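Asks: sequence and predicted structure, then a few things I'm wondering about:
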Amino acid sequence: MNTTVDASAPREVSRQQFAWLRAEVAEWQARGVIDATQAETITGGYTPRSGSASSVLGRIMLLLGGAFVGVGLIWLVAANLEDLSPTGRFATVVALWLAFLVGSEVLAARRTSAPLVGAIRLLAALGFGAVIMQAAQSLQVPAYEPALVGLWSLGAMLHAHLTRSVMPFLVGLGTGVQWWIWQPLWTEGTAMAAVISLGAGAAVAASLAVLCDGWVRSFAWWWRLTAAVLALAALFVAAVPGIYDGLDWSLWLLLELIAAVVLGIAAAALAVRRPDHAWIEPVGALTVLAAAVLLALWDTGTDTNDVGLDQWAHAALGVAAYVGLAVALLALDVLREHRALSWIAMAALVAFTTFQSFAVFAPIVTGALLFVVLGIVFLGTGLLVERARRRVAATLDPATGEGCDEGVQR
């Protein structure tokens with residue numbers, strides 16, 4: 001099969017990138033660096049990617065349609081299962097799943113519209129969940145077992161990695177995160193177990209993001225986002241005053257902690273020679289896990305009528321750790337051009353400082369003064385974060401001092 005790439009074909013870039021390129025080329029031409037012919041040659045090698053509102057809306061409608069059809073079919077089958085024998089029920093669900101699974105790959109082989117193929121693959125991933133649930137019902141397994149969600153995630157992830165498709169991957173990621181947190185809490189439902197599970201999940205996700213960088217970049221993008229959300233959630237829960245309520249180790253919680261440490265060390269070792277310093281990500285996630293555990297173990301009590309020095313120190317340390325994590329995510333955004341990390345970090349920081357301000361200051365000041373104090377906390381935190389962001393951007397890109405603000409449109 002001929003795999004030669006047509007070098008004369010213009011390369012598609014986003015409209016923002018194309019506008020930036022034309023502005024730069026015009027400046028080079030004005031300074032005499034290049035002539036008109038060279039300028040035309042450079043800009044002619046690129047073409048703006050079609051991204052009209054109608055095309056975006058069409059993709060969204062296809063994905064929403066696939067999701068609604070998938071859920072509707074599962075619901076329809078579930079509502080009429082009593083009219084079928086156990087074998088008939090299972091056969092019906094499996095037939096629907098196989099139809100979506102095979103149909104999506106047939107459409108992909110015929111180079112059908114990518115959004116349509118993605119929508120059918122989404123149906124297949126949702127259909128696999130129906131197969132799991134129906135099989136469990138036939139085997140008299142309770143439908144609320146977390147292990148069923150874990151099996152659903154495993155099947156969707158296998159589908160995603162075999163086809164390198166984002167839609168099954170997102171189904172597998174969502175169900176996988178749900179299983180990861182739910183499974184240890186099923187037997188050990190304490191806040192401390194939740195902190196460990198969230199922190200360990202962040203370390204695993206960060207490690208998988210590093211490992212996926214050289215394979216499927218879209219998967220790495222989502223793993224990084226998941227790691228950020230779980231890390232922020234772990235520190236948020238750990239910083240709640242009086243969160244420690246004891247801990248009896250369960251097998252699943254211990255396995256999650258071991259998986260986080262082993263995978264984090266392995267990912268860091270494999271990435272230590274990479275020029276982008278990717279080893280810092282799993283190491284940083286493990287550091288967040290350790291910080292969250294230590295912060296949660298520091299029990300300062302919950303008496304709001306007598307706020308002591310230890311409670312102030314606990315709150316200050318929690319805020320410092322959270323601001324540090326937010327700055328680290330801003331730096332990672334600059335390094336990886338992952339703008340979602342900055343938005344999530346800022347939103348989480350606002351929620352965290354609001355919660356901490358009310359938890360620490362509310363017992364001391366009330367009414368309008370509380371909002372004044374809260375505003376001062378916001379201003380101070382915002383100034384620190386913005387200053388740190390500019391320093392990181394200037395270090396990474398001294399020519400502009402602002403880093404890669406444009407980013408890569410995905």
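Replies: Everything's here; your move. Residues are numbered from 1 along each chain as shown.

Asks: so what does the host helix or strand of Phe355 touch, helix or strand wise?
Replies: Element membership of Phe355, judged by DSSP states H and E, is helix 339-361. Under the contact definition 3 or more C-beta pairs under 8 Å, 6 or more residues apart in numbering; DSSP states H and E, helix 339-361 sits against helix 217-238, helix 309-336, helix 367-396. For every residue, glycine as well, the C-beta is placed using N, CA and C.

Asks: helix or strand next in line after the first one, which one?
Replies: Counting by DSSP H and E, the next helix or strand C-terminal to helix 217-238 is helix 251-271.

Asks: may I have that following helix exported as PDB, CA atoms only?
Replies: Provided in PDB are the C-alpha atoms of helix 251-271 (Å, rounded to 0.1, in the frame of the first residue of the first chain):
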ATOM      1  CA  LEU A 251      -7.300  -4.800  50.200                       C
ATOM      2  CA  TRP A 252      -8.500  -2.500  47.400                       C
ATOM      3  CA  LEU A 253      -7.100   0.700  49.100                       C
ATOM      4  CA  LEU A 254      -3.800  -1.000  49.600                       C
ATOM      5  CA  LEU A 255      -3.700  -2.200  46.000                       C
ATOM      6  CA  GLU A 256      -4.500   1.300  44.700                       C
ATOM      7  CA  LEU A 257      -1.700   2.900  46.800                       C
ATOM      8  CA  ILE A 258       0.800   0.200  45.500                       C
ATOM      9  CA  ALA A 259      -0.300   0.800  41.900                       C
ATOM     10  CA  ALA A 260       0.100   4.500  42.300                       C
ATOM     11  CA  VAL A 261       3.700   4.200  43.700                       C
ATOM     12  CA  VAL A 262       4.800   1.500  41.300                       C
ATOM     13  CA  LEU A 263       3.400   3.100  38.200                       C
ATOM     14  CA  GLY A 264       4.600   6.600  39.200                       C
ATOM     15  CA  ILE A 265       8.200   5.400  39.700                       C
ATOM     16  CA  ALA A 266       8.100   3.400  36.400                       C
ATOM     17  CA  ALA A 267       6.700   6.400  34.400                       C
ATOM     18  CA  ALA A 268       9.300   8.700  35.900                       C
ATOM     19  CA  ALA A 269      12.100   6.300  35.200                       C
ATOM     20  CA  LEU A 270      11.000   5.900  31.600                       C
ATOM     21  CA  ALA A 271      10.700   9.600  31.100                       C
END
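
Asks: got the buried residues for the helix or strand where Ala99 lies?
Replies: Following DSSP H and E, one finds Ala99 within helix 86-109. Buried residues in helix 86-109, counted by 16 or more other C-beta atoms under 10 Å: 89-90, 92-94, 96-97, 100-101, 104-105, 107-108.

Asks: could you verify my assumption that Asp317 touches Leu295?
Replies: Wrong residue type there; residue 317 is Leu, not Asp. Yes - with contact defined as C-beta atoms under 8 Å, Leu317 counts as touching Leu295 (6.7 Å).

Asks: who's more crowded, these two?
Replies: Leu295 (22 against 15; other C-beta atoms under 10 Å).

Asks: now the host helix or strand of that one: average pLDDT?
Replies: Applying DSSP H and E as the criterion places Leu295 in helix 280-297. The pLDDT scores in helix 280-297 average 92.
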